[in-house]
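1. please work out how this folds:
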Amino acid sequence: MATAGKPSLSSVSNAVTRGFEIVADLLLPRRCISCGTVVEGEGALCAACWPEIRFLSRPHCEACGFPFDFDHGVDALCAACFKEPPLFDRARAVFRYDDASRQALLAFKHSDRTDVAPAFAGMMVQAGGELLADADLIVPVPLHRWRLISRRYNQSALLALALSKTTSVPAVPDLLERTRATPSQGGLGAKARERNVAGVFSVRPGRTTHLSERRVLLVDDVLTTGATVSACTKALLRGGARAVDVLTLARVVRPASE
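-> Residues are numbered from 1 along each chain as shown. Here you go, the predicted structure:
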């Protein structure tokens with residue numbers, strides 16, 4: 001307990017922390033997560049970039065989250081999910097993966113912009129609130145150990161940890177493992193992506209106790225064809241998960257005819 005007239009230890013600690021933050025802001029000003037322009041808020045988008053980002057919301061496919069041009073009614077499914085329901089229950093994303101969002105995602109993924117993880121997680125909470133409300137556990141899509149060594153961090157794990165800190169839903173970053181290295185999915189078609197990741201994910205030995213009858217929220221940065229998250233979902237369900245939902249920062253939105 002602080003004595004009369006003397007500041008408490010916590011108030012001194014807060015003052016010191018704030019002092020460091022002020023110095024850091026002067027030396028390393030906060031920048032827009034897309035274009036790099038100096039901004040006021042941590043990880044914020046600048047006024048020019050914000051309107052360019054195409055955020056996703058209803059109406060959309062109830063299963064995969066594919067955006068609809070108009071409302072198809074309650075629990076409507078897109079043609080792809082109606083024809084072949086995905087292994088996961090629901091997928092949601094914050095924004096479209098396009099020219100406007102690509103730079104921010106690539107900077108986060110490959111250019112050490114790990115500081116934006118909390119801001120991205122805040123956006124994911126807004127986009128995937130219904131999924132997080134039902135989740136018992138947050139699990140990121142893993143990298144193979146060699147890729148993790150070369151990149152130094154797993155962007156999906158950073159998002160999972162930031163989501164856990166924001167929502168208090170526990171995260172287990174190392175629950176899944178990638179058992180063999182595979183070529184990048186970039187440039188591959190849907191069927192080639194499925195073959196590329198078939199059987200490469202598994203639950204780490206000793207981690208199945210985390211999964212028993214749990215509803216898992218699987219986290220990744222981008223949903224393209226769904227091959228990676230489907231392969232991860234299959235591993236989680238085999239490991240004992242009750243159900244799996246998927247939450248990503250972005251998703252590729254191709255014309256429905258493709």
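2. please parse this protein into its domains.
-> Following automatic domain parsing, one gets these domains for the chain: 6-52, 54-251.
3. please identify the most buried of the ones you listed.
-> The highest mean neighbour count among the domains of the chain, using mean count of other C-beta atoms under 10 Å, belongs to domain 54-251: a mean of 18. (Each C-beta comes from the backbone N, C-alpha and C, glycine too.)
4. quick one: distance of it to the chain centre.
-> Once both centres are worked out by C-alpha atoms, centre = their mean, to the nearest Å, domain 54-251 turns out to sit 6 Å from its chain's centre.
5. give me every residue that touches the nearest residue to residue 207 once chain neighbours are set aside.
-> Excluding the flanking residues, the one nearest residue 207 by C-beta to C-beta, 6 or more residues apart in numbering is residue 175, at 4.9 Å. Applying C-beta atoms under 8 Å, 6 or more residues apart in numbering, we find residue 175 in contact with 137, 139, 203, 204, 207, 210, 211.
6. mind doing that once more with 10 Å?
-> Listed by C-beta atoms under 10 Å, 6 or more residues apart in numbering, the contact set of residue 175 reads 137-140, 142, 160, 203-204, 207-208, 210-211, 216, 235-236, 239, 241.
7. go on, residue 133?
-> 167, 169.
8. okay, it and residue 125: tell me how far apart.
-> Per C-beta to C-beta, to the nearest Å, residue 133 is found 10 Å from residue 125.
9. between the two, what contacts are shared?
-> residue 167.
10. next, count neighbours for the closest residue to residue 224 other than its chain neighbours.
-> Spatial nearest neighbour of residue 224, chain neighbours left out: residue 252 (4.8 Å); criterion: C-beta to C-beta, 6+ apart. Number of residues near residue 252 (other C-beta atoms under 10 Å) recorded here: 13.
11. quick one: residue 252 and residue 105 touch, right?
-> No - with contact taken as C-beta atoms under 10 Å, residue 252 and residue 105 are classed as non-touching, separated by 11.4 Å.
12. assign residue 101 to helix, strand or coil.
-> Put simply, residue 101 is helix when judged by DSSP: H, G, I helix; E, B strand; the rest coil.
13. give the contact list for it.
-> Per C-beta under 10 Å, 6+ apart, neighbours of residue 101: 33, 34, 49, 52, 53, 54, 55, 94, 95, 222, 249, 250.
14. quick check: it vs residue 90, distance?
-> From residue 101 to residue 90 the distance is 21 Å (C-beta to C-beta).
15. what's the answer for residue 115, then?
-> The gap separating residue 115 from residue 90 is 29 Å, by C-beta to C-beta.
16. now the common contact residues for residue 252 and residue 105.
-> Contacts common to residue 252 and residue 105, judged by C-beta under 10 Å, 6+ apart, are 97, 222.
17. would you map the helices across the stretch 101-250 of the chain?
-> Counting by DSSP state H, counting those that start in this stretch, the stretch 101-250 of the chain has helices at residues 117-127, 129-134, 145-151, 155-167, 190-197, 227-238.
18. can you give me the mean pLDDT across the fifth one?
-> Confidence for helix 190-197, expressed as mean pLDDT, is 76.
19. just name the shakiest helix or strand of this structure by mean pLDDT.
-> Ranking every helix and strand in the chain by mean pLDDT, DSSP states H and E puts helix 9-27 at the bottom, with a mean of 45.
20. keeping just the C-alphas, turn whatever helix or strand comes next after it into PDB.
-> Helices and strands here follow DSSP states H and E; after helix 9-27, the next one along the chain is helix 79-83. Below are the C-alpha coordinates for helix 79-83, written out as PDB (Å, rounded to 0.1, in the frame of the first residue of the first chain):
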ATOM      1  CA  ALA A  79     -22.900 -22.500 -55.000                       C
ATOM      2  CA  ALA A  80     -19.600 -24.100 -54.100                       C
ATOM      3  CA  CYS A  81     -20.600 -24.900 -50.500                       C
ATOM      4  CA  PHE A  82     -24.000 -26.100 -51.500                       C
ATOM      5  CA  LYS A  83     -22.400 -28.500 -53.900                       C
END
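21. what bits of the stretch 101-250 of the chain have low per-residue confidence?
-> Scanning the stretch 101-250 of the chain for pLDDT under 70 picks out 183-184, 186-188, 196.
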